[in-house]
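In: I need the structure of the sequence given here:
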Amino acid sequence: MANNQNALKVKPLSYDIIDHRMAVCLEKAYGQDYLKEFPLNGNHFFEDTMFDKFGFSPDIIETDAYMGAMDPIKKSVILSKRTHDALEQFDPRALFSLLHEFAHASIHAEQVNSMIEDGEENVKFFRKQDIRIFENSEWQANVGAVSFGIPRKLVFDKFRSGETDVRNFLFLGFSYEATSYRIEKLLSIAKKNPYLLERGLF
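Out: Here you go, the predicted structure:
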């Protein structure tokens, strides 16, 4: 967890690499035919799948200080009670918060634990504008959240059917803003590399 202005400086990862990692996580969670699970049941993922398949324990805390967090030492994904209650009501912001913290756990937990082992002074937060975007832990977790919740495979299948309107993807449970960001990015990738779309590749 970081505030809106700060982020950990982590190992650089590109959009495509994060996208691929989340696709691997989806297969681990639901098998190769993972698209049948969509739209995701966020509450079931939080309370069952996340621990059963990845070993990240769910934790709920009564707090108004944040919506979610990740504890790398305890291997837990934490939601505020308010966020968890909203998740049960299929709230888009709560779903994004859950998958954002899951992405942190999947991508950053080992890195942060290594930093802590080398001395807690190595766990440093920087102003976002002072680090490259690919090294920004919050940017990586944001990409991970939409990559897991709006899979490239599903989006490309719809693209091949001529469905490119953002509204066609809102059934996945994200806000219009988050959905638009994801669809526009994948449209850009598909236009630059049409063979990826044709073959369904990353």
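In: now the spatially most central residue of the chain. Nearest residue, chain neighbours left out?
Out: The chain has Ala145 as the residue nearest its centroid, 1.7 Å off, counting by CA atoms, centre = their mean. Among residues not flanking Ala145 along the chain, Leu99 sits closest, at 3.9 Å (CB to CB, 6 or more residues apart in numbering). Every C-beta, even on glycine, is put in place using the N, C-alpha and C of the backbone.
In: how close does that neighbour get to Met67?
Out: 12 Å (CB to CB, to the nearest Å).
In: hmm, back to that, Three-state assignment for the residue nearest to Ala145, please.
Out: For Leu99, the assignment made with DSSP: H, G, I helix; E, B strand; the rest coil gives helix.
In: quick check: pLDDT value at it.
Out: Leu99 carries a pLDDT value of 98.
In: now do the contacts for it.
Out: 42, 144-146, 148-149 (CB atoms under 8 Å, 6 or more residues apart in numbering).
In: closest to Ile73 out of the residues you listed?
Out: Gly144 (20.2 Å; CB to CB).
In: next, count neighbours for the closest one.
Out: Using other CB atoms under 10 Å, Gly144 has 26 other residues around it.
In: repeat that for Thr63.
Out: 14.
In: who's in contact with the residue lying farthest from the centre of the chain?
Out: Ranking residues of the chain by C-alpha distance from their mean position (CA atoms, centre = their mean) puts Gly119 at the top, at 27.6 Å. Not one residue lies near Gly119 by CB under 8 Å, 6+ apart.
In: now do it against Phe148, distance only.
Out: 32 Å.
In: Lys11 should be in a helix, yeah?
Out: No. Lys11 is assigned coil when assessed by three-state DSSP, not a helix.
In: that one contacts Gln111, doesn't it?
Out: Yes. Between Lys11 and Gln111 a contact is recorded at 6.3 Å, counting by CB atoms under 8 Å.
In: and the two? Which one has more around it.
Out: Between Lys11 and Gln111, Gln111 has the larger neighbour count (other CB under 10 Å), namely 15 against 11.
In: that's all I had, so thanks and see you.
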